[in-house]
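Undergrad: here is a sequence together with a model predicted from it:
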Number of protein chains: 2
Amino acid sequence: MRTLYHWPLCPFCRKVRLALEEKKLDFKCVIEYVWREREEFLELNPLGQVPVLVEENKTILLDSTAIVEYLDEVYPEKKLLGQSVTQRTESRRVMAYFDTKFNCEVTSKLVFEKTLKRHFGLGYTDSNIIREGTKNLKKHLDYICWLIGRRHWLSGDHFSLADIAAVAHLSSLDYLGHISWEHYPEIYDWYSRVKSRPSMRPLLEDRLPGLAPSGHYQDLDF
Amino acid sequence: MRTLYHWPLCPFCRKVRLALEEKKLDFKCVIEYVWREREEFLELNPLGQVPVLVEENKTILLDSTAIVEYLDEVYPEKKLLGQSVTQRTESRRVMAYFDTKFNCEVTSKLVFEKTLKRHFGLGYTDSNIIREGTKNLKKHLDYICWLIGRRHWLSGDHFSLADIAAVAHLSSLDYLGHISWEHYPEIYDWYSRVKSRPSMRPLLEDRLPGLAPSGHYQDLDF
């Protein structure tokens, strides 16, 4: 069976899970506590990071973007990047925006700071970093509003890896209760549509020990 | 004429310049002082980041990875990702390693801190951050040694976007004199081979006002 080593709130792992679900590919999820530096896991990825996808033929795949590009090439029945080069370029651009700029300025400051940081022995949550991440989030939500105000899905007329990358980050933040949906009706409308897709169900059932999700995290009518 | 808006030491801009040069595509470079938030530039990219590539037909392309993927699709005469899905997946993985983890832990701490930071009004170089970046660089050079010790080019038998992304970061660091080549003979051998490619010439001629490159930056025999 295809195996995905992941950590539930990691946006990069969520991106791969959603891509696998959208393509209806069977896989089992194994939670990897990366900070424990398990030897068998480091043999799969010497950098010690999730996600790692091991295909049935034992091919080891690393890095969320390399993995989803691979999945779109090898299992092309349902294309997630887009049919034309223009669509693919825009999907890649929006995906990269979430995985680099948004991650660096928001997700890593809020999700990493509140969850993984202490496991890595880097001390406890720093309220200055949380404040900075929260301030950055507002600026980015304005940009996402502007983007989604011009199109039905984040990269154009079709659901794509741009939406998958976006929801991977935003759903992690929503788990921690960081998004005030009432202030962003355009994003709320788009997120409701993504949230009701069958691919989202497993993610909505995620629970971190000792850290319950925000009250509306699982509700489709939130 | 195809136009690339860039900033000389930005590794993401260097990646696009090298890809354009390797594909022998004509383009002119325009230095964009992003911190000035020039209105015409923000119309091209509301996020205010370089690189931005404007094609001759006026198509606007953003994000270095989306741009190089686009170039490899639209100008396939010389493939830079690789011929097989396995090669492409490995090129993408190594490229992503440099553009995310290496950038976050090394390039942004050393290059950004020493050059762009003050332009953005974020104060002067912080010696703690430089120390941290220098320490991280050693760890990453060990990983790169391990990688290049197993193959001729960074993603396998052929020169690819993995090498381009790597040299984009390492050459920026070399401009600032951060790499002690004598300690890393495997990386030195690989870097010498890349440095002698015609695509590297324009980058080796880059000069930042008030910040001369390290003594050996331009030398092919360094």
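TA: Sure thing, it's come through.
Undergrad: could you pull out the strands for chain A?
TA: Under the criterion DSSP state E, strands of chain A are mapped to A:3-6, A:28-31, A:52-54, A:60-62.
Undergrad: and A:N136, which of the ones you listed is closest to it?
TA: Proximity to A:N136 (C-beta to C-beta) singles out strand A:3-6 among the strands of chain A, at 25.3 Å. C-beta coordinates here come from the backbone N, C-alpha and C atoms, glycine included.
Undergrad: which residue is nearest the middle of chain A?
TA: Most central in chain A under C-alpha atoms, centre = their mean is A:A168, positioned 2.3 Å from the mean C-alpha point.
Undergrad: look up how far chain B lies from the closest residue to that residue other than its chain neighbours.
TA: Closest residue in space to A:A168, ignoring its immediate chain neighbours: A:R14 at 3.8 Å, by C-beta to C-beta, 6 or more residues apart in numbering or on different chains. According to C-beta to the nearest C-beta, to the nearest Å, A:R14 and chain B sit 16 Å apart.
Undergrad: do A:C10 as well
TA: A:C10 is 13 Å from chain B, where distance means C-beta to the nearest C-beta.
Undergrad: please report how far the nearest residue to that residue once chain neighbours are set aside lies from A:T100.
TA: The shortest distance from A:C10 to any non-neighbouring residue, by C-beta to C-beta, 6+ apart, is to A:V50 (5.9 Å). Using C-beta to C-beta, to the nearest Å, we find A:V50 at a distance of 18 Å from A:T100.
Undergrad: for chain A, what spans make up the helices?
TA: Assigned by DSSP state H, the helices in chain A fall at A:11-22, A:39-44, A:64-74, A:85-96, A:127-148, A:161-175, A:185-195, A:201-204.
Undergrad: up against chain B, what does chain A have?
TA: Contacts of chain A with chain B, taken as C-beta under 8 Å from any C-beta of the partner chain, map to A:46-47, A:49, A:59, A:61-63, A:65-66, A:69-70, A:73-74, A:85-86, A:88-90, A:92-93, A:96-97, A:99-101, A:104, A:143, A:146.
Undergrad: select only the buried ones of these in PyMOL?
TA: In PyMOL, this line selects whichever of the residues of chain A next to chain B come out buried by 16 or more other C-beta atoms under 10 Å in any protein chain shown:
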select buried, chain A and resi 49+61+62+63+65+66+69+70+88+89+90+92+93+96+97+99+100+101
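Undergrad: pLDDT value on the residue nearest to A:A168, please?
TA: Listed pLDDT for A:R14 reads 98.
Undergrad: mind giving me the domain split of chain A?
TA: Chain A breaks down into these domains under automatic domain parsing: A:3-74, A:85-201.
Undergrad: would you list these in TSV and tack on distance to B:D26?
TA: Formatted as TSV, the domains of chain A follow (distance: least, C-beta to C-beta, whole Å):
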stretch	distance to B:D26
domain A:3-74	28
domain A:85-201	20
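Undergrad: which one of these lies nearest to B:K78?
TA: Proximity to B:K78, assessed across the domains of chain A by C-beta to C-beta, is greatest for domain A:85-201 (17.2 Å).
Undergrad: quick one: contacts for the residue nearest to A:L9 when sequence neighbours are not counted?
TA: Leaving aside its sequence neighbours, A:L9 sits nearest to A:S172 (C-beta to C-beta, 6+ apart; 4.7 Å). Neighbouring residues of A:S172 by C-beta atoms under 8 Å, 6 or more residues apart in numbering or on different chains: A:L9, A:C10, A:P11, A:R14, A:T107, A:V111.
Undergrad: go again using 10 Å as the cut-off
TA: Counting by C-beta atoms under 10 Å, 6 or more residues apart in numbering or on different chains, A:S172 touches A:8-11, A:13-14, A:106-107, A:110-112, A:115, A:178, A:203, A:206.
Undergrad: same deal with A:I144?
TA: A:I144 makes contact with A:V94, A:Y97, A:F98, A:F102, A:L154, A:A166, A:L170, A:Y184, A:E186, A:I187, A:W190, A:Y191, according to C-beta under 10 Å, 6+ apart.
Undergrad: what's the answer for A:A165, then?
TA: Per C-beta under 10 Å, 6+ apart, neighbours of A:A165: A:11-12, A:14-15, A:18-19, A:64-65, A:68, A:91-92, A:94-99, A:102-103, A:154-155.
Undergrad: do the same with A:G133
TA: Contacts for A:G133 (C-beta under 10 Å, 6+ apart) come out as A:E105, A:V106, A:T107, A:S108, A:K109, A:L110, A:V111, A:F112, A:E113, A:K114, A:L173, A:H178.
Undergrad: which ones are touching the closest residue to the first one other than its chain neighbours?
TA: Excluding its sequence neighbours, the residue lying closest to A:E105 (C-beta to C-beta, 6+ apart) is A:N136, at 4.2 Å. The contact partners of A:N136, taken as C-beta under 10 Å, 6+ apart, are A:K101, A:F102, A:C104, A:E105, A:V106, A:T107, A:K109, A:L110.
Undergrad: tell me the confidence at A:N136?
TA: At A:N136, pLDDT is 97.
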